[in-house]
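A.B. asks: Starting from these lines, generate the structure:
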Amino acid sequence: MNAVTSIWREMMRRRLWPVAVLLVAALVAIPVLLARDAEPVAAPLDAVPAVTAKADDTIAEPVVAKAEASDRGRRRRVLGARKDPFEPAPVKAPKKAKTPDATPEPQPQAGTTPGGGTTAPSGEAPAPTPKPKVYPADSLIVRWGDAASGTLVKQVMRKREALPEDVFPLIVYLGLTDHGTKAKFLVDDSLEVTGDGTCKPHPSNCETIELGAGETEFFDVAEPETGEIIGSFQLDLVKINR
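C.D. replies: The predicted structure follows:
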């Protein structure tokens, strides 16, 4: 008690007795307030089994019902038309591209072409274009015939061909010389040669003759025994086909 008394006297001396009174009142009031709290209400015992039973019934009931034989004949109704799941999907047709409206071009009148040429009238087939003539390589276009009568025949002469063709040959075309600008002919011994050609090896001994395009050569056939001229031929070299 001496300790409590000394504390009380000290608080009275310092005028702290109201604080001491409040502390004492608090110590007394706290147990009283705790004793006045309401006790928890206990649930009735008869309600607990009912709730438990209802919960057990819900858990025991299956979510998916078992199918019966009578359910198989029942018709199912679904939305939309029936579709085979294994049938391939239909192929969509491609969309046609829209073409802009083309302005018709003016048609040329019959008898004229855009370039100024002439065409066939409407309803008639155009005239066929003539194809260019094709000649063998290194061939010649010559005129050959009787020099006295002046009757010359234009013909194509190929390499190693002879003139004239229907009788004993007098000249034979051997080929081109001088870079393709002249034609070389083999001449028979019975011929006397005069004209624009060049005799080789010498003019007095004319074994071969060379002619260019546009040149003419005359060949006189002499009788071997008497030397009399019994015939004369003319050769005109018109063109060399390279």
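
A.B. asks: Where does the closest residue to Glu223 other than its chain neighbours sit, in terms of helix or strand?
C.D. replies: Leaving aside its sequence neighbours, Glu223 sits nearest to Ile230 (C-beta to C-beta, 6 or more residues apart in numbering; 5.7 Å). Any C-beta I mention is one placed from the backbone N, CA and C, and that applies to glycine too. Under the criterion of DSSP states H and E, Ile230 resides in strand 229-241.

A.B. asks: Enumerate the positions of that strand that are buried.
C.D. replies: Ser232, Phe233, Gln234, Leu235, Asp236, Leu237, Ile240, Asn241 (16 or more other C-beta atoms under 10 Å).

A.B. asks: For that strand, which outside residues touch it?
C.D. replies: With contacts defined as C-beta atoms under 8 Å, 6 or more residues apart in numbering, strand 229-241 is touched by 135-148, 152, 154, 163-164, 170-171, 176, 180-181, 183, 185, 192, 211-223.

A.B. asks: again with stretch 159-167
C.D. replies: 138-139, 142, 144, 157, 169-175, 233, 235.

A.B. asks: What about the residues you listed, which one has the most neighbours?
C.D. replies: With neighbours defined as other C-beta atoms under 10 Å, the most crowded of these is Leu235; it has 27 neighbours.

A.B. asks: Any idea what it is bridged to?
C.D. replies: Counting by DSSP bridges, Leu235 forms beta bridges with Trp144, Glu217.

A.B. asks: residues near Leu152, how many?
C.D. replies: The burial count for Leu152: 16, using other C-beta under 10 Å.

A.B. asks: That one: what's it in contact with?
C.D. replies: With C-beta under 8 Å, 6+ apart, Leu152 has these contacts: Arg143, Trp144, Gly145, Gln234, Asp236.

A.B. asks: can I get those residues in CSV with pLDDT?
C.D. replies: Output for these, formatted as CSV (pLDDT from 0 to 100):
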residue, pLDDT
Arg143, 93
Trp144, 91
Gly145, 90
Gln234, 92
Asp236, 94
